[in-house]
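> Prediction below, plus the sequence it came from.
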Amino acid sequence: MKDLGITKGEWKVDNTTVYSLYQTSWDSGKPVMTNRFYLSLYPDYHSSIAKSEVIENAKLIADAGNTANKCGLLPSELLAQRDELLSALEMITKRLKKELDTPYNSFVDKAEKAIKKATS
């Protein structure tokens, strides 16, 4: 997995703030946690954006960071990989549907359901 140069560990959300903690020491047998980073989101003063939208944006940022840490890909790279795999699965499914009989139709059906789910 490649190093993305982003903050490692879990990214969390509290209302409109995205943050990540790391352990710096111990105190009375309990870990002492410190912010690795935090990002507070605020709508522009002249904006009519709802606070609920700002909260959802914070969740999106945290989810993107956590997903990137788990798979080693940025969201745009993950989308490109998904599209490439989806295209390959569609090609294989079309070919199998033409050439195979009943015993393998369940595999084709499962692949078609996955394609439908990914494209709808």
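All right, it came through fine.

> Please enumerate residues in contact with the longest helix along the chain?
The longest helix of the chain (DSSP state H) is helix 75-99. Applying Cβ atoms under 8 Å, 6 or more residues apart in numbering, the contact partners of helix 75-99 are 64, 67-68, 71, 73, 104, 107-108, 111-112, 114-115, 118-119. For the C-beta atoms, the positions are set from N, CA and C on the backbone; glycine is no exception.

> Mark which of these are buried, thanks.
Buried members of these, counted by 16 or more other Cβ atoms under 10 Å: 64, 68, 73, 108, 111.

> Surely the second one touches residue 61?
No: applying Cβ atoms under 8 Å, one finds residue 68 not in contact with residue 61, separated by 10.9 Å.

> Include secondary structure and distance to residue 50 when you put the contacts of helix 75-99 into CSV, please.
Below are these laid out as CSV (DSSP: H, G, I helix; E, B strand; the rest coil; distance: Cβ to Cβ, whole Å):
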residue, secondary structure, distance to residue 50
64, helix, 21
67, helix, 25
68, helix, 27
71, helix, 31
73, coil, 31
104, helix, 50
107, helix, 46
108, helix, 45
111, helix, 40
112, helix, 39
114, helix, 35
115, helix, 35
118, helix, 30
119, helix, 30
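
> mean confidence for the longest helix of the chain?
In this model, helix 75-99 carries a mean pLDDT of 87.

> For it, buried residues please.
residue 93.

> relative to helix 75-99, how tilted is the helix or strand where residue 53 lies?
Residue 53 is part of helix 51-71, with elements assigned from DSSP states H and E. Relative orientation of helix 51-71 versus helix 75-99 (axes from the mean of the first three to the mean of the last three Cα atoms, to 10 degrees): 70 degrees.

> can you give me the offset of helix 51-71 from its chain's centre?
8 Å (Cα atoms, centre = their mean, to the nearest Å).
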